[in-house]
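> sequence first, then the predicted structure, then my questions.
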Amino acid sequence: MITTDFVNGAPNWLDLGTPDMDGAISFYGGLFGWQFQSAGPEAGGYGMFQIDGKTVAGAMTVTAEQGEPAWSVYFQSADADATAKAVEQGGGTVQLQPMDVFDLGRMAILADPAGASFGIWQPGRNKGLDHVTEDGGLNWVELYVPDVSAAKEFYGSVFGWGAFDVEFPGGTYTSVNPAGTDENGMFGGVVPLTMDPVEESAGAHWVPYIHVPDVDAVADRTQELGGTVRSAPVSIPGVGRIAKLADPYGAGFAVIKGDPDQQ
């Protein structure tokens, strides 16, 4: 479970890169009820999506030259420079060198050896997201890679993650948790690209899951607002109901309503 009791290696930030900020504000506001709060002119147009004044994600405008529209998951680091070095030593790449963001924290954008991009956030005045797990907040993250074993080794060397393999009809699901925690600290999973044709075409990447009260209604609303249902709602025993979606500009994400019997 993702919490705001952030520990090193756990997800602590999420943001959107979009070519149309006004369109994204309208879409996500209509879908999740998020409001947008600009961080001010000195932040270069960056701002926060919020629920009742609590931040659920960041957002910024990206041009075609800067990259494709996408959601980015960030993990907590006590030392962004050391983590960036560990990524390189593990065969990954540094896409954006560690940099200070005012007095809010220090960040970097990295990629694992398979090419999946992710961020790190070393907290300063900004400790991380304010609203997670519950409706409208980040609830789970999932990594799609060609080689699950290699991914476990890489992220284990960088963040010290633990991993638990859970058998289910048709295969094995690998969940991950921060160093020093057990399976109760699980915040995400690692999935073979070949297991999901919807994700396979995008290559290695991370997908954020937002918790919602009604997955089917959100999937329908996504289409009404100009987005796409990449994978129709489906129930997974012991997990809940999920759907994979994309906003009108192609940024992919997923939604989930957890099984109330699951803790």
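Happy to help now that I have it.
> use CA for all of it now, contacts and neighbours both
OK.
> could you list the low-pLDDT ranges of this protein?
The model of the chain has pLDDT under 70 over residues 169-170, 260-263.
> repeat that with 50
Low-confidence segments of the chain (pLDDT under 50): 262-263.
> quick one, helices of it?
Listed in chain order, the helices found in the chain under DSSP state H are 21-32, 80-89, 148-159, 197-200, 215-224.
> of all those helices, which one is nearest Lys127?
In this view, the helices of the chain are compared for proximity to Lys127 by Cα to Cα, and helix 80-89 is the closest at 14.1 Å.
> the closest one packs against which elements?
Applying 3 or more Cα pairs under 8 Å, 6 or more residues apart in numbering; DSSP states H and E, one finds that helix 80-89 contacts strand 93-101, strand 105-111, strand 117-123, helix 148-159.
> now the angle between helix 148-159 and that helix, please.
With axes from the mean of the first three to the mean of the last three Cα atoms, to 10 degrees as the basis, helix 80-89 and helix 148-159 are set at 150 degrees to each other.
> for helix 80-89, buried residues please.
Buried residues in helix 80-89, defined by neighbour count with 16 or more other Cα atoms under 10 Å: Ala80, Asp81, Thr83, Ala84, Ala86, Val87, Glu88.
> on that earlier part again, would a markdown table of the helices of the chain with distance to Glu68 be doable?
Output for the helices of the chain, formatted as a markdown table (distance: least, Cα to Cα, whole Å):
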| stretch | distance to Glu68 |
| --- | --- |
| helix 21-32 | 14 |
| helix 80-89 | 23 |
| helix 148-159 | 23 |
| helix 197-200 | 15 |
| helix 215-224 | 20 |
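> Thr61 is nearest to which of those helices?
helix 21-32 (5.9 Å).
> what angle sits between the closest one and helix 215-224?
Between the direction of helix 21-32 and that of helix 215-224, the angle (the same axes, to 10 degrees) works out to 150 degrees.
> got a list of contacts for helix 21-32?
The list of residues contacting helix 21-32 from outside it, by Cα atoms under 8 Å, 6 or more residues apart in numbering, reads 18, 34-36, 59-61, 136, 212, 218, 221-222, 225-226, 247-248.
> buried residues, it. List them.
Residues of helix 21-32 classed as buried under the neighbour-count rule (16+ other Cα under 10 Å) are Met21, Gly23, Ala24, Ile25, Phe27, Tyr28, Gly29, Gly30, Leu31, Phe32.
> also stretch 233-246?
By neighbour count with 16+ other Cα under 10 Å, stretch 233-246 contains the buried residues Pro233, Gly240, Arg241, Ile242, Ala243, Lys244, Leu245, Ala246.
> contacting residues for the closest residue to Ala108 other than its chain neighbours?
In this structure, Ala108 finds its nearest non-sequential neighbour in Pro98, 4.3 Å apart by Cα to Cα, 6 or more residues apart in numbering. Taking Cα under 8 Å, 6+ apart, we find Pro98 in contact with Ala80, Asp81, Ala84, Arg106, Met107, Ala108, Ile109.
> output the residues you listed as JSON lines; include the columns distance to Ala204.
As requested, the contacts of Pro98 are arranged in JSON lines below (distance: Cα to Cα, whole Å):
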{"residue": "Ala80", "distance to Ala204": "23"}
{"residue": "Asp81", "distance to Ala204": "24"}
{"residue": "Ala84", "distance to Ala204": "19"}
{"residue": "Arg106", "distance to Ala204": "25"}
{"residue": "Met107", "distance to Ala204": "21"}
{"residue": "Ala108", "distance to Ala204": "19"}
{"residue": "Ile109", "distance to Ala204": "15"}
